[in-house]
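The following block contains a protein sequence and its predicted model.
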Amino acid sequence: MHTAANDTSFTWFNYNTAYGNSIYLEMWADVANFTQMKFAVGADNVTSGYELQTMGNYYTVSQNLGTIRIDTLWGVSGNRIALVQRFASLSNGRYSMIFNIIPDSTQYRYRLSSTQTGKFDLWSFQMTPSAALPTQQQFPEIVNYVSPDYDQTMVSSFSCSDKVITVGEHKNRMTYMDCTNNLFISTTNYTPGALAPQSSHGPTRDARLKPEICASGGMSLAAGAYNVLPNLPVTSKALGCMHIRDGGTSTASPVVAGIDALILQRYPNASWQDIKNCITQNAMLDSLVTGTIPNNSWGYGRADGFAAMLGCSFLAINEYDSQVGSIYPIPFNQSFQIAAVKQLSAVKIFNPLGQLVYQTSFNIKTAQKITVAPSLPVKGVYFAQLISTDGYKQTIKLIYQ
């Protein structure tokens, strides 16, 4: 995320053939934070000292809406340095603005400059690392440089949804016996169980917690597709030659999806919020899960499927074991109403771990109503237990939002 003032600032991007034949920059911003900002692309020669070679024109997002436009960057000697494609779109109160830089030469660093006040997020794999920056003595203009923020790397829109469990990755193992009964050892030195360097960090653009949980990824073994197995090297297959090595969040996410499936099998009426609570509130914490939990690297910790299954017994509660009363609205914001079917004496509210977080006593006669404004620690799922004067109880699931 970059918050800009009126002064002009810039960030460098490097051309790297590993990411194709261009430098692709994609920015996102809310309308109110982006309308006044102006952007331009330039090129700096860094082969012998540091010198700005060329600078394109500045444009606002409105000048790029709906149409692909192309600029040419020319060097001081008249040589073409790069083509710059630019495009912007507007959807649901958010701007997307893209610069695609197609270089003719690899001797330049390409800069994205911005001016005027505003705030935006930008994702790229080709930003110049801080260790490669010149000193102010070498390049006085570096005082206007904005280094990339590596702490916020959530990209896909679906992964930012509250109804999606976004999964980070921790390393799984360093060794296994390969298909030929030889010990395979990772060439990358890391600690099994530690957070993977490539695991994305939150928060979302509107500052909500992501990811919610982490699971095993790096060097995991799983059943391989039968038609693919013969084409893989023996070192990529585990003993028995039917399982393959894989990793990343593409492996960690299915681990959590499997836990989701187990919870749904045991509790088929569980909601997305129920499942999310089961997994996050029963996460494993150990010395490798660092920082104050929850945080935007680990979420609530390490996924623990067994603990999640044991800790979700509250989903088996029969909400209609005895009709004592009803509660509405659900979800509720600050208060809810209880309508008595039997004469009621109290209500107790529990969190998903079964801990009592609120209780109050009263005397509500049959067919009467009362408003309750409970003081609850956080928003989420709770369980209210209505108690009648003759000892009957009824448990009702609440959603506080």
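Here it is on my side, so go on.

how about the helices in the stretch 151-300 of the chain?
249-266, 272-280 (DSSP state H, counting those that start in this stretch).

Is it possible to get a markdown table of these that adds mean pLDDT, mean neighbour count and distance to residue 23?
C-beta: built from backbone N, CA, C; applies to glycine. Output for these, formatted as a markdown table (pLDDT from 0 to 100; neighbours: other CB atoms under 10 Å; distance: least, CB to CB, whole Å):
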| stretch | mean pLDDT | mean neighbour count | distance to residue 23 |
| --- | --- | --- | --- |
| helix 249-266 | 93 | 17 | 25 |
| helix 272-280 | 90 | 21 | 38 |
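
how about TSV for those helices, with distance to residue 219 added?
Shown next, in TSV, are the helices of the stretch 151-300 of the chain (distance: least, CB to CB, whole Å):
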stretch	distance to residue 219
helix 249-266	9
helix 272-280	23
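
Indicate which one of those helices is closest to residue 297.
helix 249-266 (13.0 Å; CB to CB).

Tell me which other helices or strands the closest one touches.
strand 167-170, strand 213-216, helix 272-280, helix 305-310 (3 or more CB pairs under 8 Å, 6 or more residues apart in numbering; DSSP states H and E).

now for the ones you listed, which one comes closest to residue 225?
Nearest to residue 225, of all the helices and strands packed on helix 249-266, is strand 213-216, at 20.6 Å by CB to CB.

so how far is that closest one from its chain's centroid?
Relative to its chain's centre, strand 213-216 lies at 12 Å (CA atoms, centre = their mean, to the nearest Å).

Give me the residues contacting it.
Strand 213-216 is contacted from outside by 165, 167-172, 195, 199, 251-253, 255-256, 279-280, 283, 289, 298-303, using CB atoms under 8 Å, 6 or more residues apart in numbering.

in the stretch 151-300 of the chain, what spans have low per-residue confidence?
Low-confidence segments of the stretch 151-300 of the chain (pLDDT under 70): 151-157.

Break this protein down into its structural domains.
Per automatic domain parsing, the structural domains of the chain span 2-144, 158-313, 325-400.

quick one on the thing from earlier: drop anything exposed from the contacts of strand 213-216.
The neighbour count (16 or more other CB atoms under 10 Å) marks 165, 167-172, 195, 199, 251-253, 255-256, 279-280, 283, 289, 298-303 as buried among the contacts of strand 213-216.

where's residue 98, which helix or strand?
Using DSSP states H and E, residue 98 sits within strand 94-103.

May I see the buried residues of stretch 59-78?
By neighbour count on 16+ other CB under 10 Å, the buried set for stretch 59-78 is 59-61, 64, 71, 73, 75.

ok, now which ones touch residue 330?
Contacts here follow CB under 8 Å, 6+ apart; on that basis residue 330 touches 336, 396-399.

helix, strand or coil for it?
Put simply, residue 330 is coil when judged by DSSP: H, G, I helix; E, B strand; the rest coil.

Quick check: the residue nearest to residue 351 when sequence neighbours are not counted vs residue 62, distance?
Using CB to CB, 6 or more residues apart in numbering and skipping residues adjacent in sequence, the residue nearest residue 351 is residue 357, 5.3 Å away. Counting by CB to CB, to the nearest Å, the separation of residue 357 from residue 62 is 50 Å.

ditto for residue 265
52 Å.

what does the longest strand seen in the chain contact?
The strand that spans the most residues within the chain, counting by DSSP state E, is strand 80-91. Strand 80-91 has contacts (CB under 8 Å, 6+ apart) with 31, 41, 43, 53-54, 56, 59, 61-62, 64-75, 95-105, 108, 110.

Check the average confidence over it, would you?
Averaged over strand 80-91, pLDDT sits at 95.

Now do that strand against strand 94-103, angle only.
170 degrees (axes from the mean of the first three to the mean of the last three CA atoms, to 10 degrees).

Buried residues of strand 80-91, list them for me.
Buried-residue list, strand 80-91, by 16+ other CB under 10 Å: 81-82, 84, 86-88.

pull the CA atoms of it into CSV?
Extracted C-alpha coordinates of strand 80-91, given in CSV (Å, rounded to 0.1, in the frame of the first residue of the first chain):
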residue,chain,number,x,y,z
ARG,A,80,13.4,3.9,-28.3
ILE,A,81,13.6,2.6,-24.8
ALA,A,82,10.2,1.0,-24.2
LEU,A,83,6.5,0.9,-25.1
VAL,A,84,4.1,1.6,-22.3
GLN,A,85,0.5,0.3,-22.4
ARG,A,86,-2.0,1.8,-19.9
PHE,A,87,-5.6,1.0,-19.1
ALA,A,88,-8.0,1.8,-16.3
SER,A,89,-11.4,0.5,-15.3
LEU,A,90,-14.0,1.3,-12.6
SER,A,91,-16.2,-1.3,-10.8
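
where's that strand relative to the chain centroid, distance-wise?
27 Å.

go on, stretch 270-287?
16 Å.

what about residue 367, how many residues close to it?
Other residues near residue 367 number 9, with proximity taken as other CB atoms under 10 Å.

That one touches residue 340, doesn't it?
Yes - under the criterion of CB atoms under 8 Å, residue 367 makes contact with residue 340 at 6.6 Å.

got the end-to-end distance for stretch 92-110?
Length of stretch 92-110, first residue to last, CA to CA, to the nearest Å: 31 Å.

er, stretch 307-327 actually
Note: stretch 307-327 ends 31 Å apart using CA to CA.

ok, now which ones touch residue 282?
Applying CB under 8 Å, 6+ apart to residue 282 gives the contacts 304, 307-308, 310-312.

Now the residues you listed in a markdown table, please, with extra columns for pLDDT.
Listed next are the contacts of residue 282 as a markdown table, based on pLDDT from 0 to 100:
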| residue | pLDDT |
| --- | --- |
| 304 | 96 |
| 307 | 93 |
| 308 | 92 |
| 310 | 85 |
| 311 | 83 |
| 312 | 81 |
